[in-house]
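Student: sequence plus the predicted model coming up.
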Amino acid sequence: MNTFIADQTSCHPQRSDINRYSATQNPSIARDQPHRWVGLFLVLGILILAGCKTVPIQDRNYADRGGFWEQGTSTQARFHHQAFDKDDEIGILYASGRNTILNGSPINLSSDLDNHSIISSGPHSAARVEFKGEDEDDGDTCVITIDRFNWGDAYADTYDCWYHIKTPHALLKAKNAILHIDVTSTETEVVVVSGAIKVFTHGDPVQSIDINSDQEVIISHQTIHRPRSISPDEIWKRISWRAQFQLYKTVIDWDQVARGAIIVGIVAAIIAIGVATKGVGLGGIPRYGGYRRH
């Protein structure tokens, strides 16, 4: 981006006489040059902030290499990304509604997500996490553990990472799969939208069964019930809660920033010309009245 200089000091009422003399003739002008650069960066920062705007997340089904997790109303979960250290950022949280809590603090729109964070979505609220993937090509090192998920609905696209999802009734392991999970006090219901997952009970963490695309399975009281096929209409009913929540993100409108920078550049050029001409104001009229050299 081009850099534009904004002369902030010349707008200060107590220093309006400094434009009468060039920097070569008045040492105080030379000393003011660093302040001009500071003013420039402040103005550019303000321009970028002014260019930020909030837009809806259009493609909720898009996933980067780390995949994503969405949870509905009255749901809580904790997230641990094995590829990152304890205090590292592992993704971005997007919040919908006024009752999304991250590690005890309310989230208005979005926030970085640190490892081992806990997200709670209260009444009329929901949350989405987009996880970072693994830099290395070996996708087996990208393992995301999701636990303390004891109630509510969740929708996950695991993409290129292993997701280990723990509920009170089961352990689910999924990679390159899309699944919906509904947890109640008595059972965990899992619908596999695409791909395949492995389901374990807590009583037997060695034996598992595979659940394939367009299948539903219910796990309750250390029992994995027989999977059944599920129709597209049934799948849609399971995941329809997602459409009730709109998620937003903040982006920079670079066109607006560029227009603002051009205006700042023009104003800076006019001010610079006024300084160089030793006393010629913005309108080209000499400013001698009331200003004298002592």
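Tutor: Okay, I see it. Numbers count the residues shown, from 1 in each chain.
Student: parallel or antiparallel, list what pairs with the helix or strand hosting I218.
Tutor: Here I218, judged by DSSP states H and E, is contained in strand 215-220. When pairing is defined by DSSP bridges, strand 215-220 lines up against strand 188-194 (antiparallel), strand 223-224 (antiparallel), strand 228-229 (antiparallel).
Student: got a list of contacts for the second one?
Tutor: It stands for strand 223-224. Strand 223-224 has contacts (C-beta atoms under 8 Å, 6 or more residues apart in numbering) with 170, 199, 201, 209, 217. Where C-beta positions appear, they are placed from N, C-alpha and C, glycine not excepted.
Student: roughly how far does the first one sit from Q215?
Tutor: Read it as A170. According to C-beta to C-beta, to the nearest Å, A170 and Q215 sit 15 Å apart.
Student: wait, a strand at S240?
Tutor: No. Counting by DSSP: H, G, I helix; E, B strand; the rest coil, one finds S240 to be helix, located in no strand.
Student: rewinding a little: then the strand holding I218 to PDB, C-alphas only?
Tutor: Extracted in PDB, the C-alpha atoms of strand 215-220 (Å, rounded to 0.1, in the frame of the first residue of the first chain):
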ATOM      1  CA  GLN A 215     -26.100 -43.700   8.800                       C
ATOM      2  CA  GLU A 216     -27.300 -42.900  12.300                       C
ATOM      3  CA  VAL A 217     -26.200 -44.600  15.500                       C
ATOM      4  CA  ILE A 218     -27.300 -44.200  19.200                       C
ATOM      5  CA  ILE A 219     -25.000 -45.000  22.100                       C
ATOM      6  CA  SER A 220     -26.500 -45.300  25.600                       C
END
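Student: give me the number of residues near A127?
Tutor: Using other C-beta atoms under 10 Å, A127 has 28 other residues around it.
Student: before we move on, the earlier item: could you flag which of the contacts of strand 223-224 are buried?
Tutor: 170, 199, 201, 217 (16 or more other C-beta atoms under 10 Å).
Student: how about the contacts made by the second one?
Tutor: With contacts taken as C-beta under 8 Å, 6+ apart, V199 has the following neighbours: 170-172, 190, 208-211, 217, 219, 224.
Student: show me which pair in the buried ones among the contacts of strand 223-224 is furthest apart.
Tutor: Spatial extent of those (C-beta to C-beta) is set by the pair T201 and V217 at 11.4 Å.
Student: do a quick rundown of the helices in the stretch 101-250 of the chain.
Tutor: Assigned by DSSP state H, counting those that start in this stretch, the stretch 101-250 of the chain shows helices spanning 232-239.
Student: what bits of it have low per-residue confidence?
Tutor: Flagging of the stretch 101-250 of the chain using pLDDT under 70 yields the residue ranges 135-140.
Student: try it again at 90.
Tutor: Applying pLDDT under 90 to the stretch 101-250 of the chain flags the ranges 133-141, 202-207, 221-222, 247-250.
Student: sorry, back to before: deepest-packed of the strands paired with strand 215-220, please.
Tutor: Burial of those is given as mean neighbour count (mean count of other C-beta atoms under 10 Å); strand 188-194 ranks first at a mean of 21.
Student: contacts for that strand, please.
Tutor: 167-170, 172, 177-183, 197, 199, 211-220, 230, 234-235, 238-239.
Student: and the angle from that strand to helix 232-239?
Tutor: Inter-element angle recorded for strand 188-194 and helix 232-239: 120 degrees (by axes from the mean of the first three to the mean of the last three C-alpha atoms, to 10 degrees).
Student: mind saving the C-alpha coords of strand 188-194 as PDB?
Tutor: C-alpha atoms of strand 188-194 as PDB (Å, rounded to 0.1, in the frame of the first residue of the first chain):
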ATOM      1  CA  THR A 188     -25.500 -39.800  22.300                       C
ATOM      2  CA  GLU A 189     -27.000 -39.800  18.800                       C
ATOM      3  CA  VAL A 190     -24.600 -39.500  15.900                       C
ATOM      4  CA  VAL A 191     -25.400 -38.900  12.200                       C
ATOM      5  CA  VAL A 192     -22.600 -39.300   9.600                       C
ATOM      6  CA  VAL A 193     -23.300 -36.900   6.800                       C
ATOM      7  CA  SER A 194     -20.300 -38.000   4.800                       C
END
